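> sequence plus predicted model, see below.
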Amino acid sequence: IKAIAETAAKILNVEMVRFWMNDTGEYVCIDEYNAVSHKHYPKTGINERFNRIYEVNFELKRQITIDDTLEADLPEDMADVYARYNIRSVLYCPIRLRGNVVGAIAMADSKPRRWTVEDESFVSSLADFTALLLGLSELQESQRTMKTLLSNLPGMAFRLRSSSAELAFEFASEGSFELT
């Protein structure tokens with residue numbers, strides 16, 4: 001995640017990149033990269049109103065862009081948050097895994113900016129890549145769990161592959177060695 005944030009900040013020339021994960025209905029920032037200081041900061045949850053607005057919009061849109069937060073028609077509490085953090089332009093893109101929004105990647109700058117189609121496409125690609133990484137991480141965890149379960153299973157668990165000429169073990173648990 002950190003390498004993706006740093007690369008995105010460099011390529012898009014933005015000051016801040018944030019990764020938000022939707023943890024049980026609330027978006028939590030898991031990484032904030034500040035390109036000016038070249039530092040990563042962990043964050044916490046966000047305003048409940050932001051959660052609702054993001055959830056609704058992420059279900060409908062591929063990106064949310066605000067070219068200038070001072071000129072955009074925003075709810076007052078959202079405008080206050082952007083002003084407090086000196087954010088003038090933002091681009092959000094949801095991270096979808098198996099059809100569900102599980103997080104978002106956000107680009108932010110302290111100056112107004114017209115986000116291009118290329119910017120939006122690039123951030124969408126980063127969101128898709130992040131979803132692939134999350135899926136891979138889940139798969140690896142599942143495989144670790146299965147391996148632990150099978151290695152502690154008494155007896156034998158196996159999987160056979162049958163071709164026309166022979167039978168071949170694709171997998172045999174460690175318990176099979178005790179039986180032979």
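Cool, got the structure.
> surely residue 95 is within a helix?
No - looking at residue 95 with DSSP: H, G, I helix; E, B strand; the rest coil, it is strand, so not inside a helix.
> following the worst-scoring helix or strand of the chain on mean pLDDT, which helix or strand comes up?
Ranked by mean pLDDT, DSSP states H and E, the weakest helix or strand in the chain is helix 48-60, scoring a mean of 62. Where DSSP states H and E defines the elements, the next helix or strand beyond helix 48-60 is strand 64-66.
> what comes up buried for stretch 125-132?
126-127, 130-131 (16 or more other C-beta atoms under 10 Å). To be clear about C-beta, it is placed using only N, CA and C from the backbone, and glycine gets the same treatment.
> and of those residues, the nearest to residue 76?
Comparing these against residue 76 with C-beta to C-beta places residue 127 closest, at 28.7 Å.
> from residue 154, how far off is that closest one?
From residue 127 across to residue 154, the span is 45 Å (C-beta to C-beta, to the nearest Å).
> doesn't residue 175 make contact with residue 156?
Yes - using C-beta atoms under 8 Å, residue 156 is in contact with residue 175, at 5.3 Å.
> ok so, going back, now, the buried residues of stretch 125-132 that are in helices?
Counted as lying in helices by DSSP state H, out of the buried residues of stretch 125-132, are 126-127, 130-131.
> strands along this protein, start to end?
16-23, 26-34, 39-41, 64-66, 89-97, 100-109, 158-162, 167-172 (DSSP state E).
> how about TSV for these, with mean pLDDT, distance to residue 115 and mean neighbour count added?
Listed next are the strands of the chain as TSV, based on pLDDT from 0 to 100; distance: least, C-beta to C-beta, whole Å; neighbours: other C-beta atoms under 10 Å:
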stretch	mean pLDDT	distance to residue 115	mean neighbour count
strand 16-23	86	14	21
strand 26-34	85	18	18
strand 39-41	92	23	12
strand 64-66	88	5	20
strand 89-97	90	5	22
strand 100-109	89	8	22
strand 158-162	74	50	10
strand 167-172	75	49	10
